[in-house]
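Asks: Whatever this is, show me its structure:
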Amino acid sequence: MAHNARHDDDTYHRRSIVEAVFFVLTQQYGDTLRARTRFGQFREPVLKAAVRNVELAP
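Replies: Sure, this is the predicted structure:
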């Protein structure tokens, strides 16, 4: 693969981690948001991620 000036390996790795986390969240909690308001739609995935962190805690 050719080196691309805009391609940062560290940023790409973070993106792959974020995509993996969103994949797990959508598999476990569903792919739709139930909140109606914009604030609720922002808050819902944040709370789902927090619940996931609590579930994974030892």
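
Asks: could you point out which element follows whichever helix in the chain runs longest?
Replies: Ranked by residue count and defined by DSSP state H, the top helix of the chain is helix 9-29. Reading on from helix 9-29 to the C-terminus, the next helix or strand found by DSSP states H and E is helix 38-56.

Asks: what does that next one contact?
Replies: When contacts are taken as C-beta atoms under 8 Å, 6 or more residues apart in numbering, the neighbours of helix 38-56 outside the stretch itself are 21, 24-25, 28-29, 33-35. Just so you know, the C-beta spots here come from the backbone N, C-alpha and C atoms, and that holds for glycine as well.

Asks: Let's have those residues in a markdown table, adding pLDDT.
Replies: A markdown table is the format used below for the contacts of helix 38-56 (pLDDT from 0 to 100):
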| residue | pLDDT |
| --- | --- |
| V21 | 86 |
| V24 | 90 |
| L25 | 88 |
| Q28 | 90 |
| Y29 | 89 |
| L33 | 85 |
| R34 | 91 |
| A35 | 91 |
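
Asks: how about the residues you listed in CSV, adding neighbour count and distance to V54?
Replies: What follows is these, written out as CSV (neighbours: other C-beta atoms under 10 Å; distance: C-beta to C-beta, whole Å):
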residue, neighbour count, distance to V54
V21, 12, 15
V24, 13, 14
L25, 16, 13
Q28, 11, 13
Y29, 16, 13
L33, 14, 20
R34, 8, 20
A35, 13, 20
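
Asks: Going by distance to Y12, which of those wins?
Replies: Distance to Y12, by C-beta to C-beta, is smallest for V21 among the contacts of helix 38-56, at 15.2 Å.

Asks: where does the nearest residue to the closest one once chain neighbours are set aside land on pLDDT?
Replies: Spatially, and ignoring its direct neighbours in sequence, V21 is nearest to A49 (7.2 Å; C-beta to C-beta, 6 or more residues apart in numbering). We note a pLDDT of 90 for A49 in this prediction.
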